[in-house]
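Student: here is a sequence with its predicted model. Questions after.
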Amino acid sequence: MTTDPTKPEILVIEDEVQLRRLLRLSLEEAGYAVREAETAKSGLHELVHHIPDVVILDLGLPDASGETVLRRLREWSPVPVLILSVFSQEGSKVAGLDAGADDYLTKPFGCSELLARLRALQRRIKPAVAASRFKFGSVEVDLAHRRVRRAGHLLKLTAMEYALLQLLITHRDKVLTHRQILRELWGPNAEGQTHYLRTYMLRLRRKLEEDLDTPRYFQTESGVGYRFTSEPAEAV
Ligand code: CA
């Protein structure tokens, strides 16, 4: 199906056929282009290949929770996400918001309420375009599958090395302070522990930089923090 590029695009990840049908009807009538996925797996697959303008995500999916989908998605994209929950899932709604959802609706909800929430989301958040695969030099990072290759060879990164790499890539071309990175990776109590960060940055540079003495990608902002710089890769 070809979509009209002027229409905002919505991906609906929802396993209930009736609700999906209803959502498609109301959203298309309101001028949106709609794509559908009925499982967490197929939803993630869609998201890896193409980021819509907004995602409507059901928290209770048959193969994995919507929260899992959201956590994975947030590893590479800030696209606005509206979660759908039912009253018996109050806890998962909070977990969904903690995991990076932008808004929520509790089922059953009215179509006018849904459309109002979507308009608010689009006003508040600019549509995001992000690639799930990222290249710099001979290194290729597959953010959706958490794989790092150098010159085509799969590299072994520890969880913390990968977390640091992912954080820097997500905020590429921006300076991240030591405090921001430490808080993000080790929690608020570690904000002063810059030696942790130096250690992991050295490890990451050893694995990913071409010349350790003059790092090209993982740049030190003296006394401030680090900046990751590269040319963006094409979207997959
Ligand atoms: Ca469901």
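Tutor: Received it, and whenever you're ready, just let me know what you need.
Student: need phi/psi at the residue positioned nearest the centre of the chain.
Tutor: In the chain, the residue lying closest to the centroid (C-alpha atoms, centre = their mean) is residue 74, at 2.3 Å. When read as degrees, to the nearest 10, the backbone of residue 74 gives phi -70, psi -10.
Student: show me what contacts it?
Tutor: Counting by C-beta atoms under 8 Å, 6 or more residues apart in numbering, residue 74 touches 99, 100. (Each C-beta comes from the backbone N, C-alpha and C, glycine too.)
Student: distance-wise, check it relative to residue 68.
Tutor: 11 Å (C-beta to C-beta, to the nearest Å).
Student: ok, residue 25 next?
Tutor: 28 Å.
Student: ok, now residue 58?
Tutor: 12 Å.
Student: picking up where we left off before, have a look at residue 25 and residue 68 and say which one is more surrounded.
Tutor: For residue 25 versus residue 68, neighbours defined as other C-beta atoms under 10 Å are more numerous around residue 68 (15 against 12).
Student: where does residue 15 land on pLDDT?
Tutor: What the model reports as pLDDT for residue 15 is 97.
Student: give me the three-state assignment for it.
Tutor: Here residue 15 is coil, with the state taken from DSSP: H, G, I helix; E, B strand; the rest coil.
Student: who's in contact with it?
Tutor: With contact set as C-beta under 8 Å, 6+ apart, residue 15 has these partners: 38, 39, 58, 60, 61, 62.
Student: in the sheet, who's paired with residue 13?
Tutor: residue 37, residue 57 (DSSP bridges).
Student: ok, it - contacts?
Tutor: 36-38, 40, 42-43, 46, 55-58, 61, 66, 69.
Student: any of those residues buried? List them.
Tutor: Among the contacts of residue 13, those buried by neighbour count (16 or more other C-beta atoms under 10 Å) are 36-38, 40, 43, 46, 55-58, 61, 66, 69.
Student: which among the residues you listed gets closest to the ion?
Tutor: residue 58 (4.5 Å; C-beta to the ion).
Student: so what's the backbone phi/psi at the spatially closest residue to the closest one that is not a sequence neighbour?
Tutor: Distances taken as C-beta to C-beta, 6 or more residues apart in numbering place residue 14 nearest to residue 58, at 4.2 Å, with adjacent residues excluded. Phi and psi for residue 14, reported as degrees, to the nearest 10, are phi -160, psi 130.
Student: can you pull out the low-pLDDT segments for the protein?
Tutor: 1-3, 90, 123-131, 174, 231-236 (pLDDT under 70).
Student: hmm, residue 142 is touching residue 133, no?
Tutor: Yes - counting by C-beta atoms under 8 Å, residue 133 is a contact partner of residue 142 at 5.2 Å.
Student: hmm, back to that, pull out whichever of the contacts of residue 15 are also neighbours of the ion.
Tutor: Contacts with the ion within those, as defined by C-beta under 5 Å from the ion: 58, 60.
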